[in-house]
Every structure is written in structure tokens, then in C-alpha cells.
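J.: Everything below, folded, please.
(one chain, ligands or ions: 7)
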Amino acid sequence: MEMSEAAGIELIINPEAEARAPQCPHGPTLLFVKVKHKKQEARRFYACAACRDRKDCNFFQWEDEKVSKARQLAREEFNQSRQPPFTHEQYVERYQRFVSLPSAKRIFCSDCQILLLPEEWDLHSPHCRLGDVSLGQLKRPSHLLLPLENKKTNAQYLFADRTCQFLLDLIVLLGFRRVLCVGTPRLHELIRVRQSKKEEPIIKSQLLDIDFRYSQFYSEEEFCHYNMFNHYFFGGKSASEAFQTFLCQDKGEPIIMVTDPPFGGLVEALAHSFKKIVGVWKTSRNEIDHAELPIFWIFPYFFEPRILRCFPSLSMLDYQVDYDNHALYKHGNTGRKQSPVRIFTNLPPKDIILPAEEGYRFCTLCQRYISSANRHCEKCKACTSKDGRQWKHCQTCNKCVKPSWIHCDTCCRCVLQEHTCGTAGDGCFTCGSTEHKRRECPQSAFPNRTTIEEAKPRKRKLLETDNKTTVNKCKKQAQKVSTGKRKTLKWATGKLKRKLKRKKKQKRRGQTVQC
Ligand SMILES: C[S@@+](CC[C@H](N)C(=O)[O-])C[C@H]1O[C@@H](n2cnc3c(N)ncnc32)[C@H](O)[C@@H]1O
Ligand SMILES: [Zn+2]
Ligand SMILES: [Zn+2]
Ligand SMILES: [Zn+2]
Ligand SMILES: [Zn+2]
Ligand SMILES: [Zn+2]
Ligand SMILES: [Zn+2]
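T.: Ligands and ions are numbered 1, 2, ... in the order given. As a prediction, the model looks like this:
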């Protein structure tokens, strides 16, 4: 039995629990146990694998609870009612009809996040819609769709161009010809754009993601609606077969899996799913061949110990991954915080050349590329910085620590100067890291973000088209959303300003925007 600790709740991974797991709308649930004062409570319970917020999925069942037939049926009905409005096959048919329409009739409903067919226009007339959707825009759905920024469930932080292009160039350079994109829609999209330009060598890609909106843009071979916390394919057997076919059709085209999961806890649940993917890949290979499925697992550096516990063959690279819609996770020393997100890989680090123009250089002793401020410590015999700043060696702890830490004789370890003695070492309540406390956790560094539910059709018709009135309206809306917290309001208005900016850009391109 494997256990993982996060926020006073432990995940229990064992085959019996998995076999008996009841289903919520997000597939088989996971078994958890509450922990108080480091002791497990006696009763264990099943809860949703995908949503860490009960607002998103409130499934709860005690492990030993008896569920009546009637409740079971009601649950199945409920789960069914929470599935996407169309099957993937229907989405594909809709897409074909959509692209055959003349440009003026290609309308996307921004409120419902759906490509509209002419017979649906009336129904969506009160909504914010975008007209003249170009074929170019259809090729870049991650730019058309509103990112699902609900940090507790989707945390859809999209790669900045710098990172996305770096990953693709690296994949090509390393000789991979197929990419299994698990929760990396923007990378999948970049590969598809490259494919459409017929750039040699041709790289193929398949996207697995919980965001079903992508079914509107991709075929069943290109996209599977998938939950990476329980390795569940929403599209049933045909979807899991499409995945197996893609993963196993070698034909001399090496494959790599690239994943960028939401950063909450549950590292062990993710690792469990990834091991299943590795298992499927291995079934298509010669048994005596001990090769490993190449992996890029993108995750914050402070999860390193937990990731390595699950996947000892991975090592962490210094490259800082950054995101478009993530104010804190930006690259570089430009006054903003540096991104804590890194690439974990089972490929030899020396083969992964990091861009010299960004200051990365090669350490011949460590045989890997390191960030500019990282220094090789003679005592640790390694380039020890994890966060991009130069770390210093503590003689007492006999290891390198962050530059802002000091050695505290009471706590018998290096800690932040302004700590309260005796409390150091408990780590973060939100993500489980021992590197920081909850208040410093990047998970809680954000004000509440909207969920897709909040972006659903508005009851009131918005008639104003001039930007100023719309911003004022938006501000009012934002005030409603906020619970009086200025931070939320600031963020919400920021988001609406970004939306307006996007609209302005689309208008400049001559696109019609109706709200
Ligand atoms: C941190 S974002 C990564 C996006 C990536 N940086 C990109 O630009 O392509 C997390 C991604 O995982 C997806 N995701 C969130 N929860 C998931 C789940 N339970 N199963 C599968 N995908 C999930 C989100 O929809 C999102 O695309
Ligand atoms: Zn659920
Ligand atoms: Zn609509
Ligand atoms: Zn070194
Ligand atoms: Zn050292
Ligand atoms: Zn120390
Ligand atoms: Zn102390």
C-alpha cells in the first residue's frame, strides 16, 4: 500500500480499493483518510479524483457505507447528466459542418465556449459571440477558449511561447516523432500547426485532457477526454483504444510523454496513472527490452522529493517553465518572481541543452545544464540551487540552503530568519512541500479565480458595445463575484480588461464581436 500526505488527508492507493471505487462524474473516485495529529482516523472515504474543491464535485462515500440500489441508480443518472452535451463523434461532425460555413457564418459563443451552427444562433443571441472565426483561429483553440483557471480543479496555465517553442524544438532535436501530450493543449496545438505547415520531420501528437471543449477541434485520434488522476477515459473503450493505438504504433517513430498536471497535491495519484501509461507502452515492446518510456513531467521544484519517490529514474532540470496566464510563474530576473516550475525527465540531463542566450550553461562536473546563478558546491558535489538563485553551504546542516535562510541553533536546521522556533519543518499545509509554509505556497498565491460555471450564459443582455461601459459593467460583475476582497476585484477586472484587449485585437483583424 502506498500513501501520500497532503493537507491532513492521505490518499490510499491499493488495488482492492481501486477495484471497489464508486464513480463520480469524473470517473472512479479515490480512497482517502483524514489524519489528525499524525494519526489516521479509522474511517476511510471515497472522493473525487479530479476536483479538490467540493464546489466542483461533492462526491463523498464512506468506504464501508452501504449504497442502496435506488441511490446507485440516481448516482448513475446524475453522472450521466454531468457529461458534455455532445459525444466526441458528434463534436467532430459539428466541426466539419462549421468549417464548411463561409467565414461570416462561423460564430463562436464566448459565454458557452462552443462553435455555433446556424440553427443555434437564436438560442445564443443574448450571449457574447465572436464572428468570422478564421481557420487559423480554429488551429489554435487554446487562444480561442477561455483558460479554465480554477486553481483547485483545472489550473489551466498555458505555456508562454518561449517555453512551448523550446519544448517542441527540444523534442525534435532529441529525435522524437510522436508526442503524448497529457494536459498540455498548447504544446499539442503547436505540433499540429507545425504539421499543417508540412514541416519535416513530421511530428504526430495526441492530447489527453479533462477539458472536453477540445473535442470540438480535434478528431478522436487527436484528442481523448481523460482524467489523469485516475487514468479514466470519458469516451469509453473507443477512446482508450485510440490512446493505445497512438501510444503503441511504433513504426520507428520514437515517442515521448509530456505532462503538465495541475499543481495540487496528489503526486502519487498522477504517478500511479503515468505508470499505467508506461505499462500500456511496454505491452507493445519486446519483453527483454528494458527501455523506459521517455517522460517530461512539468511540475514545481519543491515537489522533487515526492516525484523522485514515485519515479526514481527522473531527474530535475534547471529550465524555468513559464506561463502566459500566470502572473507569478514568469521566467527571469525582471523584478517578478522566477518561475518555480521545472522539467523532470528520465532522459540523460546532459542531452538536454538549455538556451545559452538565457544564461544557462553546462556544468562538466554534474554533466548537465544549469541556470546562470547556480554554483557547483565542492562540499555537496553538485550544482545545488533549485530556485534559480545562488544557494549557500551550511557547515552545520552539511548541505546547501536558500540564500535567505540562516542556521537556527534552537531548531537545529536552516530556516527563514523570521521563523517561530519550534514550528519549522512542518511544511506547507496546501501542497505538502517542506520548502515553504502555506502563506508562501504558490497554490495560494492567487486570489480566487473563476470557474467555467461562472463563465456560463448571463441572464442579462449586455447591450453596450463601447469599451468604457463594458468595463464598468464588468467591474460591477466583478464586485458581485468578489466577497469584498480587493484582490479578487482587481483580478476580475484585470481579466475583463484582458478580454476587452483580446476583443480589440479581434476587431482590428476585422472580426465581429457581439455582446
Ligand atoms: C497547468 S495546465 C497545463 C497546460 C500546459 N501548460 C499547456 O500550455 O499546454 C494543466 C492542464 O491539465 C488539464 N487538467 C486539469 N485537471 C486534469 C485532470 N484531472 N485530468 C486531465 N487533465 C487535467 C487542464 O485542462 C490543463 O490543460
Ligand atoms: Zn468528481
Ligand atoms: Zn451561448
Ligand atoms: Zn555542478
Ligand atoms: Zn553545498
Ligand atoms: Zn544549517
Ligand atoms: Zn528556530
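J.: near ligand 7, which residues of the chain show up?
T.: Selection of the chain residues close to ligand 7 by CB under 5 Å from the ion yields 408, 410-411, 421. Every C-beta, even on glycine, is put in place using the N, C-alpha and C of the backbone.
J.: Next step: those restricted to strands.
T.: Using DSSP state E, the members of the residues of the chain next to ligand 7 that fall in strands are C408.
J.: From the residues of the chain next to ligand 7, keep the buried residues only.
T.: C408 (16 or more other CB atoms under 10 Å).
J.: Can I get the residues of the chain next to ligand 7 in JSON lines including pLDDT and distance to N14?
T.: Listed next are those as JSON lines, based on pLDDT from 0 to 100; distance: CB to CB, whole Å:
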{"residue": "C408", "pLDDT": "94", "distance to N14": "40"}
{"residue": "T410", "pLDDT": "92", "distance to N14": "40"}
{"residue": "C411", "pLDDT": "91", "distance to N14": "36"}
{"residue": "C421", "pLDDT": "88", "distance to N14": "39"}
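J.: what does the stretch 351-500 of the chain have sitting close to ligand 6?
T.: Contact residues (CB under 5 Å from the ion) of the stretch 351-500 of the chain with ligand 6: 394, 396-397, 407, 414.
J.: Double-check that I277 belongs to a helix.
T.: Yes. The assignment for I277 is a helix, going by DSSP: H, G, I helix; E, B strand; the rest coil.
J.: So what's the residue count around A17?
T.: Using other CB atoms under 10 Å, A17 has 19 neighbouring residues.
J.: my guess is it meets V33, correct?
T.: No. A17 lies out of contact with V33 (CB atoms under 8 Å); the separation is 10.5 Å.
J.: Overlap in contacts, these two.
T.: Shared contacts of A17 and V33, defined by CB atoms under 8 Å, 6 or more residues apart in numbering, comprise R44.
J.: and E89, which of the three is it?
T.: helix.
J.: about what we covered before: hmm, which of the residues of the stretch 351-500 of the chain next to ligand 6 are the buried ones?
T.: Buried among these (16+ other CB under 10 Å): 394, 414.
J.: List just the nearest of the residues of the stretch 351-500 of the chain next to ligand 6 to D260.
T.: Among those, C414 lies closest to D260 (CB to CB), at 30.9 Å.
J.: Work out for me the element the closest one sits within.
T.: strand 413-416 (DSSP states H and E).
J.: how much space is there between the closest residue to Y218 other than its chain neighbours and E189?
T.: Residue nearest to Y218 in three dimensions, not counting chain neighbours: L207, with 6.6 Å by CB to CB, 6 or more residues apart in numbering. Distance of L207 to E189, computed by CB to CB, to the nearest Å: 8 Å.
J.: and the stretch 201-350 of the chain, which of its residues are near ligand 6?
T.: Residues of the stretch 201-350 of the chain found near ligand 6 (CB under 5 Å from the ion): none.
J.: Which residue ranges of the stretch 201-350 of the chain form strands?
T.: Secondary structure of the stretch 201-350 of the chain (DSSP state E, counting those that start in this stretch): strands located at 204-209, 223-227, 232-233, 255-259, 295-300, 315-316, 341-345.
J.: what bridges to the closest residue to T396 other than its chain neighbours?
T.: Excluding its sequence neighbours, the residue lying closest to T396 (CB to CB, 6+ apart) is H407, at 5.3 Å. With DSSP bridges as the criterion, the beta-bridge partners of H407 are C414.
J.: wait, what's in contact with H407?
T.: Contacts for H407 (CB under 8 Å, 6+ apart) come out as 394, 396-397, 413-414.
J.: quick check, nearest of the residues you listed to ligand 5?
T.: Nearest to ligand 5, judged by CB to the ion, of the contacts of H407 is C394 at 7.8 Å.
J.: Low-confidence regions, the protein specifically.
T.: Low-confidence segments of the chain (pLDDT under 70): 1-7, 150-154, 265, 327-337, 424-512.
J.: Most widely separated two among the residues of the stretch 351-500 of the chain next to ligand 6?
T.: T396 and C414, at 8.0 Å, using CB to CB across these.
J.: Give the other helices and strands that the lengthiest strand in the chain contacts.
T.: Counting by DSSP E, the longest strand found in the chain is strand 39-47. Secondary-structure packing of strand 39-47 (3 or more CB pairs under 8 Å, 6 or more residues apart in numbering; DSSP states H and E): strand 30-36, strand 60-62.
J.: from the chain's centre, how far out does that strand sit?
T.: Distance of strand 39-47 from its chain centroid, counting by CA atoms, centre = their mean, to the nearest Å, is 27 Å.
J.: can you pull the contacts of A50?
T.: Counted by CB under 8 Å, 6+ apart, A50 has contacts 26-27, 56-57, 153, 210, 227, 229-230.
J.: sec struct for it, please.
T.: Under three-state DSSP, A50 falls in the coil class.
J.: Where do the helices of the protein begin and end?
T.: 15-20, 69-81, 88-100, 135-138, 141-144, 161-173, 185-196, 236-248, 267-283, 304-310, 467-481, 486-508 (DSSP state H).
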